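*Asks:* Coordinates for the following, if possible.
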Amino acid sequence: MVAESLARSGVTVIGLWDNDTIEPGNICRSTYTLSDLGSRKVHALKKKILSINPFIKTKEIIAEGSFYDNINYENQEESLKKIQEYDMIIDCTGSNEMLHFLSYAVPDKEIISLCITNRAKELLCVTNKQFNLFELRKAYLSRIEQDTKNFYLEGSGCYSPTFLATNSDIASLVNLVLREMNAAIGNNDKMGSMVLSHGRRGILIDRIESFKLEGYDIKMAIPNETLLDAEEMSDVPDGAIGYFLGCYSKDGLQILVTHAVEAPNAEKLLNDAYGTSKGIIDYIGDFVYSGEQAGSYSNEALELLASKAEDETINTNNPLLATRNPDGSVSFFLYINNGLVPFVKED
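*Replies:* As a prediction, the model looks like this:
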């Protein structure tokens with residue numbers, strides 16, 4: 001879907017990478033037809049693209065297995081040279097191994113990775129504009145992909161041979177992502193990360209915002225919807241308003257916030273998130289009232305965070321503090337080097 005839409009959008013050079021052949025179950029969710037059965041996907045897609053615009057330059061690459069696990073390093077190096085020819089890499093594989101490889105092998109290229117959850121309820125779009133791709137997808141896929149029943153089902157029609165989803169659900173989300181991509185290119189900008197989802201109120205685009213810690217090379221990612229959840233939490237007489245859940249990157253330089261939960265239900269929600277994410281999502285910080293001025297905090301909040309940083313039963317030495325300001329806005333701090341340092345929102 002992505003390649004065909006780009007061809008119709010005026011892109012003139014497209015590289016195609018795939019090692020798969022077309023099966024009957026692919027047809028209901030792709031651009032292929034029955035006449036393509038048994039063909040290499042890259043060959044059939046090239047033919048389709050050239051039927052749209054015969055002046056497009058297409059280069060198809062057939063990999064014998066992914067180049068991530070290819071033990072022939074000579075071929076792997078050659079593949080990377082070919083990738084360097086392109087301005088943008090779009091990963092539609094859904095493979096953690098592939099994304100991990102790309103995020104470290106070609107960090108200087110703009111990379112966009114798209115994956116769809118079971119039943120196509122959500123499409124996760126992560127980019128390397130501000131954060132590590134692999135870390136982003138690990139955190140936010142752990143948050144949204146909780147439907148673990150019937151991931152794969154052998155059968156007929158739309159449910160064979162991959163996960164449960166229909167063409168209309170997938171296509172609607174994919175086209176919205178491509179609309180965002182076209183807008184970013186038109187503005188001479190790189191595309192940011194987001195989660196697109198079907199819900200009761202229609203399709204939601206939940207953009208992942210970026211904050212930077214003052215004086216440190218540490219960033220925080222938080223979805224807009226999580227921010228809104230925090231802002232809409234009820235006031236409490238005393239104590240914590242709620243808590244933030246998420247995870248830290250392996251190098252500790254990225255804090256990936258996934259949930260804002262109210263204090264009364266926090267323990268159950270934390271246990272549920274921790275269990276379903278297999279330990280990826282955990283407690284990372286408190287949400288309390290600020291001091292008398294916006295962007296401030298109380299001494300009690302500092303003392304509480306300091307005690308949690310020393311608590312060996314809590315899995316963080318650098319807990320996050322979010323404060324509700326008098327005007328209703330939320331400020332963020334990180335407990336580091338025995339003090340609380342503020343975050344500043346990035347463009």
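
*Asks:* And stretch 241-257, end to end?
*Replies:* 17 Å (CA to CA, to the nearest Å).

*Asks:* in which helix or strand would I find Leu256?
*Replies:* Assigning secondary structure by DSSP states H and E places Leu256 in strand 254-262.

*Asks:* again, but for Pro237
*Replies:* Pro237 is part of no helix or strand when elements are defined by DSSP H and E.

*Asks:* and the gap between it and Asn317?
*Replies:* For Pro237, the distance to Asn317 (CB to CB, to the nearest Å) stands at 31 Å. Every C-beta, even on glycine, is put in place using the N, C-alpha and C of the backbone.

*Asks:* Likewise for Thr258?
*Replies:* Distance from Thr258 to Asn317, by CB to CB: 19 Å.

*Asks:* now Asn187
*Replies:* Taking CB to CB, one finds Asn187 at 40 Å from Asn317.

*Asks:* Could you check which of those two is surrounded by more residues?
*Replies:* Per other CB atoms under 10 Å, whichever of Asn187 and Asn317 has more neighbours is Asn317, with 14 against 9.

*Asks:* Using the three-state scheme, assign the more buried one.
*Replies:* coil (DSSP: H, G, I helix; E, B strand; the rest coil).

*Asks:* Can you list the buried residues in the strand or helix carrying Ser51?
*Replies:* Per DSSP H and E: Ser51 is located in helix 41-52. If you call a residue buried by 16 or more other CB atoms under 10 Å, then helix 41-52 has these buried ones: Lys41, Val42, His43, Ala44, Leu45, Lys46, Lys48, Ile49.

*Asks:* per-residue confidence at the last one?
*Replies:* Meaning Ile49. What the model reports as pLDDT for Ile49 is 94.

*Asks:* doesn't Ile14 make contact with it?
*Replies:* Yes. If you go by CB atoms under 8 Å, Ile49 and Ile14 touch, sitting 6.4 Å apart.

*Asks:* between those two, what contacts are shared?
*Replies:* Shared contacts of Ile49 and Ile14 (CB atoms under 8 Å, 6 or more residues apart in numbering): Ala3, Ala7, Ile56, Thr58.

*Asks:* how near is the second one to Asn224?
*Replies:* For Ala7, the distance to Asn224 (CB to CB) stands at 32 Å.

*Asks:* between those two, who's got more neighbours?
*Replies:* Ala7 (21 against 15).

*Asks:* Doesn't that one belong to a strand?
*Replies:* No. Judged by three-state DSSP, Ala7 forms no part of a strand; its state is helix.

*Asks:* of the shared contacts of Ile49 and Ile14, closest to Ser277?
*Replies:* Checking the shared contacts of Ile49 and Ile14 against Ser277 with CB to CB, the nearest one is Ala3 at 32.0 Å.

*Asks:* and the closest one, what is it in contact with?
*Replies:* Listed by CB under 8 Å, 6+ apart, the contact set of Ala3 reads Ile14, Leu16, Thr31, Leu45, Ile49.

*Asks:* tell me the SS of it?
*Replies:* helix.

*Asks:* Okay, helices next: where are they in the stretch 101-250 of the chain?
*Replies:* Counting by DSSP state H, counting those that start in this stretch, one finds helices in the stretch 101-250 of the chain at the ranges 133-144, 167-186, 224-231.

*Asks:* Go through the ones you listed and pick out the most buried.
*Replies:* Comparing the helices of the stretch 101-250 of the chain by mean neighbour count (mean count of other CB atoms under 10 Å), helix 133-144 comes out on top with a mean of 22.

*Asks:* Pull the residues that contact that one.
*Replies:* The contact list for helix 133-144, computed with CB under 8 Å, 6+ apart, reads 96, 99-100, 102-104, 111, 113, 115, 117, 121-122, 124, 126-127, 193, 195, 197, 208, 221, 223, 246-247, 249-250, 254, 256, 258-259, 273, 276-278, 280-281.

*Asks:* Met194 pairs with what?
*Replies:* On the basis of DSSP bridges, Met194 is bridged to Cys125, Arg207.

*Asks:* Return stretch 304-323 as PDB; C-alpha atoms alone will do.
*Replies:* Extracted in PDB, the C-alpha atoms of stretch 304-323 (Å, rounded to 0.1, in the frame of the first residue of the first chain):
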ATOM      1  CA  LEU A 304       9.400  11.600  48.300                       C
ATOM      2  CA  LEU A 305      11.200  11.200  44.900                       C
ATOM      3  CA  ALA A 306      14.600  11.000  46.700                       C
ATOM      4  CA  SER A 307      13.300   8.200  48.900                       C
ATOM      5  CA  LYS A 308      11.900   6.300  45.900                       C
ATOM      6  CA  ALA A 309      15.200   6.600  44.100                       C
ATOM      7  CA  GLU A 310      16.900   4.900  47.100                       C
ATOM      8  CA  ASP A 311      14.200   2.200  47.400                       C
ATOM      9  CA  GLU A 312      15.500  -1.100  46.000                       C
ATOM     10  CA  THR A 313      12.000  -2.400  45.400                       C
ATOM     11  CA  ILE A 314      11.300   0.300  42.900                       C
ATOM     12  CA  ASN A 315      12.900  -0.200  39.500                       C
ATOM     13  CA  THR A 316      14.300   3.300  38.900                       C
ATOM     14  CA  ASN A 317      17.100   5.400  40.400                       C
ATOM     15  CA  ASN A 318      15.800   8.400  38.400                       C
ATOM     16  CA  PRO A 319      12.100   8.700  38.900                       C
ATOM     17  CA  LEU A 320      10.000  11.300  37.000                       C
ATOM     18  CA  LEU A 321       8.000  14.000  38.700                       C
ATOM     19  CA  ALA A 322       4.900  15.500  37.000                       C
ATOM     20  CA  THR A 323       3.200  18.500  38.700                       C
END
